[in-house]
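J.: Pasting the sequence and the predicted coordinates here, then a few questions.
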Amino acid sequence: MANEDIWGYRASSGYETGTDLSGFKVEATDGSIGKVDEHTDEAGAGYLVVDTGVWIFGKHVLLPASTIDRIDRADETVYVNRTKDQIKDAPEFERGRKPRDPSYLEQFAKYYGMPHM
C-alpha cells in the first residue's frame, strides 16, 4: 500500500475536499469513541485527530484518513474501520509535535499495520 493510500481519504468514504469534519461524532466498529478535534485533507497527509473525551480520560488520537469507512454529513458522524480498543491503544497524539513530520507519522503507520513510505 502506498503512503498516499494510508493518509488519503478513500473515494468510497464520501469525503469531499474542503468539508470541515471538526465536531463530527466518531464511531468505531463497536461504538462511539468521541469527536473530531481537527483534520486535514492535504494530499498524502490526511488524518483525523479524535478527542476521546472522558471515555479514555481525554486522550487525543490520530487516525489516518484511510481508516474512515464512511462519512454521514447529515448526522455529522464519521465511521471508522477500527474497534474502540484499537483506537484506545493507539499512540497518543502530541499537540507539540508536527503531524506532517514523517518520523512522527511513522509511529501511527506502524501501529495501524500499514507500511510507511
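T.: Okay, I see it.
J.: Show me where the chain has its strands.
T.: Secondary structure of the chain, counting by DSSP state E: strands at 25-28, 31-40, 47-51, 60-64, 68-72, 77-80.
J.: Quick one, which of those gets closest to Tyr111.
T.: When these are ranked by proximity to Tyr111, the top entry is strand 60-64, at 9.5 Å, counting by Cβ to Cβ. For glycine as for every other residue, the C-beta is placed from the backbone atoms N, C-alpha and C.
J.: Give me the contact list for the closest one.
T.: When contacts are taken as Cβ atoms under 8 Å, 6 or more residues apart in numbering, the neighbours of strand 60-64 outside the stretch itself are 6-7, 37, 46-52, 80, 82, 87-88, 90-93, 95, 99, 108-109, 112, 114.
J.: just to revisit the earlier point, which of the strands of the chain sits closest to Ser12?
T.: Shortest distance between Ser12 and these, using Cβ to Cβ, is found for strand 68-72: 7.3 Å.
J.: what residue ranges in the protein are flagged as low confidence?
T.: When residues are selected by pLDDT under 70, those of the chain lie in 1-4, 54-58, 98-100, 113-117.
J.: which residue of it sits farthest from its center?
T.: Residue farthest from the centre of the chain, counting by Cα atoms, centre = their mean, is Ala74 at 19.5 Å.
J.: now that residue: how far from Glu16?
T.: Here the criterion is Cβ to Cβ, to the nearest Å. By it, Ala74 lies 14 Å from Glu16.
J.: I figured Tyr9 was touching Arg70, is that so?
T.: No - in terms of Cβ atoms under 8 Å, Tyr9 does not count as a neighbour of Arg70; the distance is 10.7 Å.
J.: who has more neighbours, those two?
T.: Higher neighbour count among Tyr9 and Arg70: Tyr9, with 21 against 15, using other Cβ atoms under 10 Å.
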